[in-house]
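S.K.: Using only what follows, build the 3D model:
(2 chains, ligands or ions: 3)
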Amino acid sequence: MSDAFNLIVDGKPVAATAGETVLQAARRAGIEIPTLCTDERLAPAGACRACLVEVNGQRRLQPSCAWQAAPGQEIKTHASSPRVKRHQDTLVSMYMADHKLDGEGLPAETPNGNDLRAWALKCETLALPRVEAPRVARPNDVNPYIKYSPELCILCGRCTRYCDEVEGVNAITLTNRGSRTTIGTAGMRGLLETSCELCGGCVDTCPTGAMIEKKAPALNRAAVNKVRTTCNYCGVGCQMDLNVEGGRLVKVTSPEPGTTHNDGNLCIKGRFAYDFVHHKERLTRPLVRGADGKLHEASWEHALKAAAEGLLAVKKRHGAANIGFISSSRCTGEENFLMGKLARAVFGINNVHQCAAT
Amino acid sequence: MLGAAAMTNSIPEIRDVDLMFVIGSNTTEAHPIIGMELKRARRRGAKLIVADPRRIWLADHADVFLQLRPGTDVWLVNAMAQCVVQAGLVDDRFIREHTEGWEALRAHLAKFDLAQAEKITGVPAGAIREAALLYARTRKAGIYYTLGITEHTHGTDNVFALANLVLMTGHLGLRSAGMNPLRGQNNVQGATDAGASPIYYSGYQPVLDAAVQEKFSKAWGAAMPATQGKNLNVMMHGIETGEMKAMYIMGEDILLSEPDANVLEDGLKKLEFLVCQDIFLNLTTRYANVVFPGAAFAEKEGVFTNTDRRVQRVRKAVEPPGEARADWQILCDFARACGYPMPRYGSPADIYDEMAALSPRFAGISHKRLDATPRGLQWPCTGPDHPGTEFLHKDGVAHGKGKFQVVDFRPSSELPDADYPLVLTTGRVLYHYNAATQTRRDAGTTAKVPENFVEVHPDDAARLGVKDGEHVRVVSRRGGVKAKLWLSGRVQKGCVWMPLHFAEEAANKLTVSAGDAITGTAEYKVCAVSLVPAKTAAK
Ligand code: SF4
Ligand code: SF4
Ligand code: FES
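M.R.: Ligands and ions are numbered 1, 2, ... in the order given. Okay, the predicted model is just below:
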């Protein structure tokens, strides 16, 4: 590859390819650079200044998330540059001055984590005076899925850029000016009254937990177990992580961008429409129609026997040609395979089809 | 047939596409993440052509939008093909090397002139021509289509007509170029792949092939049936006529999802025995003799195969409620109760292994391999070292030559008349999923679209004296349902549109059950209706 080259980060050679940013090359080499406003799916915005590095020959510090890597370029991160280190300590402290803090004076933890907190833990923060930021949320927003807490918002614009650049919807935008800047909608309406498709991408990309899922407001992250699976709705087959706490499905999150074919994206159904799993109307016991013509709960043994006898009796009376097996795209490949086996090997007939032949 | 079995390209290839021709697919609502990729591709400069009777969301992003009359797809696509011929843009070399039947098609296409096309489809001739030339001149051009194209009595014709366009321009066998049916449901691809089909065993092995029969007879220790089975549509008709005597239905509510529900319901009452297996009671279970409680996707192991042939794992995260069981276990238990010695599978991994060993197309896939492959494996994947297949027909057309098919326009089986003056088409909205047994149990999806609605053009509403937000009855020859009226500039004059998600007002009470001659897919898309203000309608 002719467009592969090295740059020098903190005195060590780091491989890069043309078109890559310094941040991308450094991350691949395992070099740590803090970031807040960057998301692989979005064009670099250079908005948060967390990722600034020293670039040889440049008077000012430069955002590594936007700076193109070049052959032989010398870069210094906080590991080797006191100037970058000082910048970071000051910057994180300024962010904290108007951020929601916990009892220990650290950026508050949220059910979705908080990258500002993680970063602050690595810095020597300064005690700056608190700044009152009169940022407002949308108190009348009754949408059932997404909650916005302005006191956790760092205005990195990831949510608004995601909504525009990835989802293509532009439902939310940076609104107002100066210390009043907030994430707003047209006329500050609730999300249900906007073009919002409730995809939850804004929640997923938010680095500080300022946008969270309303359905899981107080999740204990340490107790959550994530199970990777495939969405059960449409044919895109998005990969998703089922978040399980105490044997219950409490939240759905998307895998890291770039790791699966849905690239960290989900739609409203995949991300939010999982209440049916633990719904109180779920069938929990087999049902068998009794002599009274009604369905009654029954043991598995009884239900299996009744079903087998019923179908075998029809086979005996009429042959198998008029018995049909309908299988489902809602079930797994293995289950569809077994339905075919049931029709063919047990009843000797090819009358098997899935319901949705589309 | 080209374009019938699966997408020839992959979803990630949309990142490199130069032109997208989306026909009969409300992608942003039915396949949101693919819709998102299409919009992103448009944003980076790829061209977008959208053909749909309704001004769908995606149409707002299109370079060329062809708002055709419902059911006139064949005319539109054939007229585009004729433009390509006339502009001298056919790929002679591809046609020579990889196809047959070109001369017959070429002669046939001469009938489809632009002026006539404009009259029949309602699309301006200039737009048809522009779309045709754009498509023909762009090498990395992908066609995307779905139910809008296949759910007609002439659905197979629509697919043939599109395949002709692909073959004559040679836009195939290349990254990002091809023909892509977007399968509606999570595992609709995987269900057919696994042999839930009256004509194929798993891996598209024909049930009439003696060697295949022999192989399965041996593996399963039972004589395999010698004839093809009944397809879904034939079975549904058989229920209606009383010819079918017993059914085993897993994971579906046929009364909600199948057309002409009133007649089907009468048929269900006549069945001598009905077994249902599901996670909720539904309309169909009311007629069941036995109902088995199954498991939701989060409660079992297995695989789904998505629309780009990608086999991916489904994993168990929580236990099924009460005594409910994973569906694979129920099927095994039931087979044993019938006296068949179903093996004691330890887990679905064993079932998959059995299928892979019997199906060359998936021979290289196993749960173990999938667990190590976060992006899944795309079939064909024929051996443990086979990497899977990103796009099909790389070395010309697989399975011999691509056959051009001469297709003629056949009008839809029911057209509007004086009594039923409007054309109803049905479809999906983003916020619900099919029968909505799952999405309607969620507050947010329901808040977005809480009740059945019908989209009506303002001129038609004015003529009928009905207003926005008013409740109306939508009536066809087969029945009527209630809906809230939405005035909408998205439907054309003379057409109305309704979603198919609402059980109590099921749109399929209105639709025609005439099936496509070849696939048996029912005609959900076009039927004739009238609107009656709810206050004057006799309830
Ligand atoms: S949920 Fe999706 S569409 Fe709605 S504001 Fe967030 S990113 Fe935008
Ligand atoms: S998350 Fe949405 S787009 Fe993805 S598979 Fe599920 S339903 Fe389809
Ligand atoms: S991550 Fe680079 S400026 Fe925000």
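S.K.: Only C-alpha atoms from now on, for both contacts and neighbour counts.
M.R.: OK.
S.K.: Flag the shaky bits of chain B, pLDDT-wise.
M.R.: The model of chain B has pLDDT under 70 over residues B:1-5, B:147-155, B:395-400, B:412-413, B:431-450, B:502-525, B:535-539.
S.K.: What residue spans form the domains of it?
M.R.: If you go by automatic domain parsing, the domain ranges for chain B are B:11-182, B:188-378, B:422-538.
S.K.: Could you save those as a markdown table and add columns showing mean neighbour count?
M.R.: A markdown table is the format used below for the domains of chain B (neighbours: other C-alpha atoms under 10 Å in any protein chain shown):
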| stretch | mean neighbour count |
| --- | --- |
| domain B:11-182 | 21 |
| domain B:188-378 | 21 |
| domain B:422-538 | 21 |
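S.K.: Out of these, which is closest to ligand 3?
M.R.: Nearest of these to ligand 3, taken as C-alpha to the nearest ligand atom: domain B:11-182 at 22.1 Å.
S.K.: end to end, how far does that closest one reach?
M.R.: Start and end residues of domain B:11-182 are separated by 10 Å (C-alpha to C-alpha, to the nearest Å).
S.K.: And ligand 2, is it touching that?
M.R.: Yes - under the criterion of C-alpha under 6 Å from any ligand atom, ligand 2 is reached by domain B:11-182 at B:31-33.
S.K.: Mind listing residues that contact stretch A:99-108?
M.R.: A:96, A:109, A:114, A:116-117, A:120-121, A:151-154 (C-alpha atoms under 8 Å, 6 or more residues apart in numbering or on different chains).
S.K.: Please identify the member of those with the greatest number of neighbours.
M.R.: Among these, residue A:96 has the most neighbours (other C-alpha atoms under 10 Å in any protein chain shown), with 27 neighbours.
S.K.: May I ask which helix or strand encompasses that residue?
M.R.: Using DSSP states H and E, residue A:96 sits in helix A:82-97.
S.K.: Following the chain onward from that helix, which element is next?
M.R.: Defined by DSSP H and E, the subsequent element after helix A:82-97 is helix A:115-120.
S.K.: tell me the domain ranges of chain A?
M.R.: A:4-120, A:222-282, A:283-316, A:319-358.
S.K.: Report all helices and strands that whichever strand or helix holds residue A:302 contacts.
M.R.: Assigned by DSSP H and E, residue A:302 falls within helix A:300-318. Judged by 3 or more C-alpha pairs under 8 Å, 6 or more residues apart in numbering or on different chains; DSSP states H and E, helix A:300-318 is in contact with strand A:287-289, strand B:273-278, strand B:290-293, helix B:327-337.
S.K.: what does that helix contact?
M.R.: Contacts of helix A:300-318 (C-alpha under 8 Å, 6+ apart): A:285-288, A:320, A:323, B:245-246, B:272-273, B:275, B:289-292, B:333-334, B:337-338.
S.K.: For residue 171, give me its contacts.
M.R.: Defaulting to chain A. Neighbouring residues of residue A:171 by C-alpha under 8 Å, 6+ apart: A:160, A:163-164, A:185-186, A:191, A:194-196.
S.K.: um, chain B though
M.R.: Per C-alpha under 8 Å, 6+ apart, neighbours of residue B:171: B:139-142, B:177-178.
S.K.: Let me know how buried the residue lying closest to residue A:129 once chain neighbours are set aside is, in neighbour terms.
M.R.: Leaving aside its chain neighbours, residue A:129 sits nearest to residue A:97 (6.5 Å; criterion: C-alpha to C-alpha, 6 or more residues apart in numbering or on different chains). Applying other C-alpha under 10 Å, we find 19 residues neighbouring residue A:97.
S.K.: And the residue lying farthest from the centre of chain A, how close does it get to residue A:352?
M.R.: Using C-alpha atoms, centre = their mean, the residue of chain A lying farthest from its centre is residue A:317. It sits 55.0 Å away. Per C-alpha to C-alpha, residue A:317 is found 20 Å from residue A:352.
S.K.: How about residue A:168?
M.R.: For residue A:168, the distance to residue A:352 - C-alpha to C-alpha - is 41 Å.
S.K.: of the two, who's got more company?
M.R.: residue A:352 (32 against 18).
S.K.: Was I right to think the more buried one contacts residue B:198?
M.R.: Yes - between residue A:352 and residue B:198 a contact is recorded at 5.3 Å, counting by C-alpha atoms under 8 Å.
S.K.: what do these two both touch?
M.R.: B:229-231.
S.K.: now the helices and strands packed on helix A:300-318 as TSV including distance to ligand 1?
M.R.: Below are these laid out as TSV (distance: least, C-alpha to the nearest ligand atom, whole Å):
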stretch	distance to ligand 1
strand A:287-289	40
strand B:273-278	31
strand B:290-293	34
helix B:327-337	34
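S.K.: closest to residue A:72 out of these?
M.R.: Go through the helices and strands packed on helix A:300-318 one by one with C-alpha to C-alpha and the one that ends up closest to residue A:72 is helix B:327-337, at 59.0 Å.
S.K.: from the chain's centre, how far out does that closest one sit?
M.R.: Put simply, helix B:327-337 sits 29 Å off its chain's centre (C-alpha atoms, centre = their mean, to the nearest Å).
S.K.: is the helix or strand just after that helix anywhere near chain A?
M.R.: Next helix or strand after helix B:327-337 toward the C-terminus (DSSP H and E): helix B:348-358. Yes - using C-alpha under 8 Å from any C-alpha of the partner chain, helix B:348-358 comes into contact with chain A via B:348, B:351-352, B:355.
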